[in-house]
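Undergrad: Starting from these lines, generate the structure:
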Amino acid sequence: MNITQKLATINNPLSAVENLVIFSHIPKTAGSTVNIVIDSNYEHIFNFYPRRNPSSTKLPDWINDFQEGMTALKDNPKAKLLRGHFGLGVHELLGVDNCIYITVLRDPVDRVISHYYFLDQVENFFDNSDSALSKDNMTLEDFVYQRKSIITDNLQTRFVSGLGWQRNQYKNVWREVHNKNFKVEYGDCQEEMLACAKENLKNYVIFGLQSRFGESLDLFKNVLRWKNVDFDTKRNVNNKKPKRDELDPDLIKFIERENYLDIELHNYALEIFDEQLENLPYPIKVINSQTSWSYPSIPQQPNQQLTSTMKTQLQDVSKTQLQEADQLLEQGAYTEAINKYKEVIQANPEYIPALQKLANGYIQNKAEQQAMSVYERIIELNPKLDKPYAKLARLQAKKGDYTSAIATFKKAINLKSDQPDWVFTGLGDALKKSKKSA
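TA: Just a heads-up that it's a prediction; the model follows:
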C-alpha cells in the first residue's frame, strides 16, 4: 500500500475541521514569539515540531515516521491550529482540507545571520550526521561560504512557494503523494519558485513581517479573531549576536547574492503588506479541494542566474575531502592532511575556510613560513577578517619580526576590539621585545 492509499484509509480528524489554521513557521522570523500569542488564543494545538527535552540543548530527534505523525493527529481530534517548520502544501501531505495559512517573513540577510547564531547555541548541532553543515566550531563565515545547507539558500522562497523546503523525513512521503521529487539542491532555486511564492503570498497566505511585528499581530488578531495578542518577551533571541554593521561587508554581499530570490520576495511582501492592513476586515483566504493550488516545476539544472565568474567563486566544496583532512590532522598525519586541504583549494582557490584549515595544518607540521603565506593569502582575499591578522601576527612575533607583528596585531584589534586575551598579550610582548632589540 502506498502513501496515497494510506491517506484514504486513515480517519484523519483534521480533514473535517473547518478553516484549520496552519502556521508555516519559517525558522528565525519571530515565529517563536508568534507561538506565545498562539498559545494564549488556542486551546487545542497540534505541534509538528521536533521532539525536544526542554532541559537539554542537544539537537532533538526529528519526527521522521509519517504514520507516527498521523497517529498523533488522530489523538488530537479537537485541533484548531497546526504549526511547525513546514512550508505551504503541507495540508496535502496530512490530508487536510479547509485550511488557512499564516506565516511571518523577515529581512533575508538578518534571518540567515540569526539562524547561524541560534544553531551555534545547540550543542553538537554542527556535528550532527543529518546536517549538511560541517563541524569544528563552525564560524558564521564557514556557515555561509560553504554553500551546503538550504538554510542559507532562499529558505523563505522555498517555504512560501511550497517547493524545496521538505526535510529529509518528508521527502519520501511527498514523492509518493505527488509522484515526483520535491528536492531542490543548494543553488538550484529558480525564478519560477519566486513567481509562485509571490502568487501564494498574495492569494493564499495571511502574512506578517518581523520588521512590523506589532502591526502583524494586529492583522492576525483581526482576521483570525484572536482575543489576546499581548506578549512579554521574545523567545530564542541571542543577545550575543553581532549587529549587522559589525560584520564583514563582503560576507553581507555574499548572503545577499545567495538569497536574491528571498530579497525580492521580502521586498514584494513589504509592498503588499499595507494592502492587507488597508483592506481590513481582511477576507479569509481558505484553501480547500476547489482551490487552484499548484507548485512550481522542479528545477532540472543548476540556477542559471549566477554569472560564470560567480560560479567560479562559489563552487561547491567537497565536504568529504574536508572531513577526511580534518580526521588526518587529528590523527597527526599532517602531510596527508595538508595534501587533502590543497586538493580542496585547488578546486576552490578562494574558499577561505579551507585556507584557514590549511594554515592550521602547516602550523601543526611546524611549517610556519608556509602558514604565514596562507594567512597573507586570506588577508588578500578578505582584508576585513580579524582572525587571520591575529594568527599571522603571532607567527611573525615567533620569528622575531616584532615590528611586523605589532602592526599586524593592531590591525586585528582595529577590525575587532573584542579580541581573545592572547592577542593583547602577544601585542604587549612584541612591544617589549621590540624596545629591547632597538
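Undergrad: from here on, contacts and neighbour counts on C-alpha atoms
TA: OK.
Undergrad: starting at the chain centroid, how far to the lengthiest helix in the chain?
TA: Once the chain is assigned using DSSP state H, the helix that runs over the most residues is helix 260-278. Here helix 260-278 is found 20 Å from its chain centre; the criterion is C-alpha atoms, centre = their mean, to the nearest Å.
Undergrad: Give me the domain ranges for this protein.
TA: Domain ranges of the chain: 3-303, 311-437, per automatic domain parsing.
Undergrad: still on that earlier bit, let me see the residues that make contact with the longest helix of the chain.
TA: Applying C-alpha atoms under 8 Å, 6 or more residues apart in numbering, the contact partners of helix 260-278 are 105-108, 154-157, 191, 194, 197-198, 201-202, 207-209, 219, 256, 282.
Undergrad: Need the residues that contact stretch 360-367.
TA: With C-alpha under 8 Å, 6+ apart, stretch 360-367 has contacts from 329, 334-335, 337-338, 368, 370-371.
Undergrad: now it: mean pLDDT?
TA: In this model, stretch 360-367 carries a mean pLDDT of 90.
Undergrad: Only the buried residues of it, if you could.
TA: 360-365 (16 or more other C-alpha atoms under 10 Å).
Undergrad: cool, and stretch 338-347?
TA: Under 16+ other C-alpha under 10 Å, the buried positions of stretch 338-347 are 338, 340-345.
Undergrad: average model confidence for it?
TA: Across stretch 338-347, the average pLDDT comes to 85.
Undergrad: and that stretch, how far out from the chain's middle?
TA: Relative to the chain's own centre, stretch 338-347 is displaced by 27 Å; criterion: C-alpha atoms, centre = their mean.
Undergrad: what does stretch 419-428 give?
TA: 33 Å.
Undergrad: Report the next helix or strand after the longest strand seen in the chain in sequence order.
TA: Taking DSSP state E as the criterion, the chain has its longest strand at strand 99-105. Remark: after strand 99-105, the chain's next helix or strand is helix 108-119, criterion DSSP states H and E.
Undergrad: between that following helix and strand 99-105, how many degrees?
TA: 90 degrees (axes from the mean of the first three to the mean of the last three C-alpha atoms, to 10 degrees).
Undergrad: what about helix 108-119, average pLDDT?
TA: 90.
Undergrad: could you give the angle of that helix to helix 260-278?
TA: On the basis of the same axes, to 10 degrees, helix 108-119 is oriented at 100 degrees to helix 260-278.
Undergrad: follow-up on the earlier one: out of the contacts of stretch 360-367, list just those in helices.
TA: Per DSSP H, the contacts of stretch 360-367 map to helices at 329, 334-335, 337-338, 368, 370-371.
Undergrad: Make JSON lines from those residues and add distance to residue 143 to it.
TA: Formatted as JSON lines, the ones in helices among the contacts of stretch 360-367 follow (distance: C-alpha to C-alpha, whole Å):
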{"residue": "329", "distance to residue 143": "21"}
{"residue": "334", "distance to residue 143": "25"}
{"residue": "335", "distance to residue 143": "26"}
{"residue": "337", "distance to residue 143": "22"}
{"residue": "338", "distance to residue 143": "22"}
{"residue": "368", "distance to residue 143": "27"}
{"residue": "370", "distance to residue 143": "26"}
{"residue": "371", "distance to residue 143": "23"}
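Undergrad: Pull out the buried members of the residues you listed.
TA: By 16+ other C-alpha under 10 Å, the ones in helices among the contacts of stretch 360-367 give 329, 334, 337-338, 368, 371 as buried.
Undergrad: quick one, helices of the stretch 151-300 of the chain?
TA: 155-161, 168-178, 191-203, 213-224, 249-258, 260-278 (DSSP state H, counting those that start in this stretch).
Undergrad: Return the most buried member of these.
TA: helix 155-161 (a mean of 27; mean count of other C-alpha atoms under 10 Å).
Undergrad: Please name every helix or strand in contact with it.
TA: Identification of packing neighbours for helix 155-161 by 3 or more C-alpha pairs under 8 Å, 6 or more residues apart in numbering; DSSP states H and E yields helix 191-203, helix 260-278.
Undergrad: What angle do helix 260-278 and the first one make with each other?
TA: Taking the same axes, to 10 degrees, helix 191-203 and helix 260-278 form an angle of 10 degrees between their directions.
Undergrad: what bits of the stretch 201-350 of the chain have low per-residue confidence?
TA: For the stretch 201-350 of the chain, the stretches with pLDDT under 70 are 231-240, 281-283, 289, 292-320.
Undergrad: run the last query once more with 80
TA: Along the stretch 201-350 of the chain, segments meeting pLDDT under 80 span 230-241, 276, 278-285, 288-323, 347-350.
Undergrad: And for residue 230, the neighbour number?
TA: When counting by other C-alpha atoms under 10 Å, one arrives at 11 neighbours for residue 230.
Undergrad: which non-adjacent residue is nearest it?
TA: The shortest distance from residue 230 to any residue other than its chain neighbours is 6.7 Å, reached at residue 37 (C-alpha to C-alpha, 6 or more residues apart in numbering).
Undergrad: Figure out how far the one helix or strand that neighbour maps to is from the centre of its chain.
TA: Following DSSP H and E, one finds residue 37 within helix 31-39. Relative to its parent chain, helix 31-39 has a centroid offset of 20 Å by C-alpha atoms, centre = their mean.
Undergrad: could you give the angle of that helix to helix 213-224?
TA: Helix 31-39 and helix 213-224 are oriented at 40 degrees to each other (the same axes, to 10 degrees).
Undergrad: Just the CA atoms of helix 31-39, as PDB, please.
TA: Extracted in PDB, the C-alpha atoms of helix 31-39 (Å, rounded to 0.1, in the frame of the first residue of the first chain):
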ATOM      1  CA  GLY A  31       7.800  32.700  14.900                       C
ATOM      2  CA  SER A  32       8.600  31.700  18.400                       C
ATOM      3  CA  THR A  33       7.100  34.900  19.700                       C
ATOM      4  CA  VAL A  34       4.100  34.300  17.500                       C
ATOM      5  CA  ASN A  35       3.700  31.000  19.200                       C
ATOM      6  CA  ILE A  36       3.500  32.700  22.600                       C
ATOM      7  CA  VAL A  37       0.400  34.600  21.200                       C
ATOM      8  CA  ILE A  38      -1.000  31.400  19.600                       C
ATOM      9  CA  ASP A  39      -0.700  29.600  23.000                       C
END
